[in-house]
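Q: this is a predicted model, with the sequence first.
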Amino acid sequence: MRTSIATVSLSGSLTEKLTAAASAGFDGVEIFENDLLASPLTPEEIRARSADLGLTIDLYQPMRDIEAVPPKEFERNLRRAEHKFRLMNRLGTDTVLVCSSVSPLAVDDDALAAEHLHRLAESAQEHGVRVAYEALAWGRHVSTYDHAWRIVEAAGHPALGTCLDSFHILARGCDPKGIEAIPGEKIFFLQLADAPLMAMDVLQWSRHYRCFPGQGGLDVTGLVRHVINAGYTGPLSLEVFNDVFRQADAGPTAVDARRSLMLLQEAAGIAAPPAPVQPTGFAFAELTTPDAGAVSSLLGALGLARTARHRSKPVELWQRGDARILVTTDPVRHRDGLALAALGLESPDPVGAAARAESLLAPVLPRYRAPQDAPLDAVAAPDGVEIFFCATDRAGLPNWREDFPPLSGDGAGDRDPRGAVLRIDHLALTQPWHQFDEAALFHRTVLGLRPQESVDVADPYGLLRSRAVTNDDGTVRIALGIGPGPSDDAGRAQHIALATDDVVAAARAFQDAGGRPLPVPPNYYDDLAARFEFAPGEAETYRELGILYDRDEHGTFRHFYTETVGRVFFEVVQRDGGYRGYGAQNAPVRLAAQHALRPGRR
Ligand SMILES: O=C(O)c1ccc(O)c(O)c1
Ligand SMILES: [Mg+2]
């Protein structure tokens, strides 16, 4: 189906909005009156610009407080409407949206509303345009889609139909099944928006918190199925009022928006992009650093060994068990010092995974590689982290490890195997504050991971939001975080959590090897001993080693943190009994401890 987006959903000038919508591949736009009024372009120029960009103008909006008002008021409304119909002719758009009235002058009289809308449609028809009547969820007398449709039906005019908006319908908990009773040709327009489930006034909710389908908690897909069953053939149009998107770059927001519509169409069974290929593990995490000194000591203290070096690039492979960390020395690229620049996902079908990613508008990265290197497909995540689709030592597939001839000597395994690092447990990646919803949707649609509940974590200098995305068996877990603000360092931290089967032994070995764990305040341990029952000496061991503790209904979680180098720190974790979380309980203590270590803080 054709896709469209309302200009209110994107930031910038009207020209910037049009350009972003076109670049993301939308077919059309809804033009908001304010965007037109504020534009230096004439309606004819806007029309030409849109056409040049390959966009149709599918809707002009909104007209407000038209119907069921006193006669003098209505005559004034009609005159205003005629002006807009002429403007629409200049713009080259044939449909105008009329919101149900919120005016205190409006009366609760469906027959009068129908008569007024009939007269409005009569005038619209004379100008060759049509009117789509939409029930706002907070409309004074008309606030549900079925009520709006009854009035449209009663008005009985060919230039009058209804506009359905998923937010207004689902936010009020209306059953969208009844949409199938509306003849498809009388549904003049369909606007789509999702929203996180929140207990708040519906107007505030709509004006500030709408998001793209798939980013919230409303069943937008189910609604679209009903609209299609009704016979609707117009565009799927996104109309998202969102305080964050209004500030974010229009380009990436428009791509995020189109991706959400692709997922929606896939879920509704009206489009079939290449199937998702869920990753089955982490092949590697890649750190980039201007100088490998500090990270080498840290990895060594964690028990990883430098086992191989890339045959042609300054990249070292550090390894222990199935945990593989690539360290790329690049004096130019990383002004941040150490940063997590890439991750390798073990994929059952790397080529299929890349095809899926590309079809869902993930930026495909050029392969800078020597002729003999294994071909690896990579895409960029919204935070710029590169994601490689890999096969590690699997027959019949290009093996990235063959690009890393082993180094002799310095092998893993010469340390006490207790407390050994087994694999990467999870990665925690802080997202730019205005791209959090985009990142969650990207990881879900492009990588086939499942988003978990979002949690809020108190930081001494703000509030962090965190949402994990995981594969089905928990072998890929990525905790997406959003920091307190654009300028905060903690808001840019990234971390790699390594799994062990004996965190106490791992912590001892780390300290014996010269590693410095993040210091945890004694108050934490006093409280811990009161919250849980421990075996004699157990809590003291945790206190001594800086180990944090958490428990859920499945099992226990014990973990410690290293100091931070550049943007990156490590965590070593032991999950027992199927513990599902990430120690969110302990995150405020961890964040405070990290802040305390920063220069100038006490
Ligand atoms: O918030 C509003 O006023 C408003 C305006 C037009 C719409 O289509 C809508 O859904 C809401
Ligand atoms: Mg709407």
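A: Happy to help now that I have it. Numbering: from 1, shown residues only. Ligands and ions are numbered 1, 2, ... in the order given.
Q: quick one, what contacts L203?
A: Counting by C-beta atoms under 8 Å, 6 or more residues apart in numbering, L203 touches 137-138. Placement of C-beta: from N, CA and C, glycine included.
Q: and it, what helix or strand is that in?
A: Assigned by DSSP states H and E, L203 belongs to helix 202-209.
Q: tell me if the next helix or strand after that helix is near ligand 1.
A: Sequence order places helix 220-229 as the next helix or strand after helix 202-209, per DSSP H and E. No. Judged by C-beta under 6 Å from any ligand atom, helix 220-229 stays clear of ligand 1, getting no closer than 13.8 Å.
Q: pull the CA atoms of helix 220-229 into CSV?
A: Extracted as CSV, the C-alpha positions of helix 220-229 are listed here (Å, rounded to 0.1, in the frame of the first residue of the first chain):
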residue,chain,number,x,y,z
VAL,A,220,-2.1,-0.9,15.5
THR,A,221,-1.6,-4.0,13.4
GLY,A,222,-4.9,-5.5,14.5
LEU,A,223,-6.7,-2.2,13.6
VAL,A,224,-5.1,-2.1,10.2
ARG,A,225,-6.4,-5.6,9.4
HIS,A,226,-9.9,-4.4,10.2
VAL,A,227,-9.5,-1.3,8.0
ILE,A,228,-8.2,-3.5,5.1
ASN,A,229,-11.1,-5.9,5.6
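Q: same for that helix, what does it pack against?
A: Counting contacts by 3 or more C-beta pairs under 8 Å, 6 or more residues apart in numbering; DSSP states H and E, helix 220-229 is packed against helix 166-171, strand 187-192, helix 250-267.
Q: apart from its chain neighbours, what residue comes closest to the residue in the stretch 101-250 of the chain that ligand 2 sits nearest to?
A: In the stretch 101-250 of the chain, the residue found nearest to ligand 2 is D165; the distance is 3.6 Å by C-beta to the ion. Spatial nearest neighbour of D165, chain neighbours left out: Q191 (4.2 Å); criterion: C-beta to C-beta, 6 or more residues apart in numbering.
Q: try L591
A: Nearest residue to L591, sequence neighbours excluded (C-beta to C-beta, 6+ apart): D459, at 4.5 Å.
Q: quickly list what that neighbour is bridged to.
A: Bridge pairing for D459 (DSSP bridges) gives the partners G462.
Q: how many other residues sit next to it?
A: Each residue near D459 was counted by other C-beta atoms under 10 Å, and the total is 20.
Q: so it touches V589, yeah?
A: No. Look at D459 against V589 with C-beta atoms under 8 Å: they stay out of range, at 10.8 Å.
Q: per-domain residue ranges of the chain.
A: The chain is divided into the following domains under automatic domain parsing: 3-267, 281-403, 422-597.
Q: need those in CSV (columns: mean pLDDT).
A: Output for those, formatted as CSV (pLDDT from 0 to 100):
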stretch, mean pLDDT
domain 3-267, 98
domain 281-403, 91
domain 422-597, 92
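Q: closest one to P273 among those domains?
A: When the domains of the chain are compared by C-beta to C-beta, domain 281-403 sits nearest P273, at 4.5 Å.
Q: just to revisit the earlier point, report whether the helix holding L203 contacts ligand 1.
A: Yes. Using C-beta under 6 Å from any ligand atom, we find that helix 202-209 touches ligand 1 at 206-207.
Q: now that helix - C-alpha only, CSV.
A: Only the C-alpha atoms of helix 202-209 are listed here, as CSV (Å, rounded to 0.1, in the frame of the first residue of the first chain):
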residue,chain,number,x,y,z
VAL,A,202,-5.8,11.4,26.5
LEU,A,203,-5.2,14.9,24.9
GLN,A,204,-1.7,15.2,26.6
TRP,A,205,-1.0,11.6,25.8
SER,A,206,-1.8,12.2,22.1
ARG,A,207,0.0,15.5,21.7
HIS,A,208,3.3,14.5,23.4
TYR,A,209,3.7,10.8,23.5
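Q: buried residues in it, which are they?
A: Buried residues in helix 202-209, counted by 16 or more other C-beta atoms under 10 Å: 202, 205-206, 209.
Q: which stretches in the stretch 451-600 of the chain count as strands?
A: Secondary structure of the stretch 451-600 of the chain (DSSP state E, counting those that start in this stretch): strands located at 462-470, 477-482, 494-500, 548-551, 556-565, 568-576.
Q: so the longest one versus strand 568-576, what angle?
A: If I follow you right, that is strand 556-565. Relative orientation of strand 556-565 versus strand 568-576 (axes from the mean of the first three to the mean of the last three C-alpha atoms, to 10 degrees): 170 degrees.
Q: circling back to that earlier point, out of the helices and strands packed on helix 220-229, which is closest to G54?
A: Closest of those to G54 is helix 250-267, at 13.7 Å (criterion: C-beta to C-beta).
Q: run through who's touching the next helix-or-strand element following that closest one.
A: Per DSSP H and E, the first helix or strand lying C-terminal to helix 250-267 is strand 281-289. For strand 281-289, contacts defined as C-beta under 8 Å, 6+ apart pick out 295, 315, 317, 322, 324-330, 333-334, 337-346, 386, 388, 390-392, 400, 423-424, 427, 475-476, 496, 566, 568.
Q: would you turn the domains of the chain into a markdown table with distance to A275?
A: A markdown table is the format used below for those (distance: least, C-beta to C-beta, whole Å):
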| stretch | distance to A275 |
| --- | --- |
| domain 3-267 | 9 |
| domain 281-403 | 7 |
| domain 422-597 | 9 |
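Q: what strands line up against the helix or strand harbouring P62, and which way round?
A: Under the criterion of DSSP H and E, P62 resides in strand 56-63. Strands adjacent to strand 56-63 in the sheet, as given by DSSP bridges, are strand 28-32 (parallel), strand 95-99 (parallel).
Q: residue contacts, the spatially closest residue to P405 that is not a sequence neighbour?
A: Among residues not flanking P405 along the chain, R311 sits closest, at 5.8 Å (C-beta to C-beta, 6+ apart). R311 is in contact with 370, 372, 403-405, counting by C-beta under 8 Å, 6+ apart.
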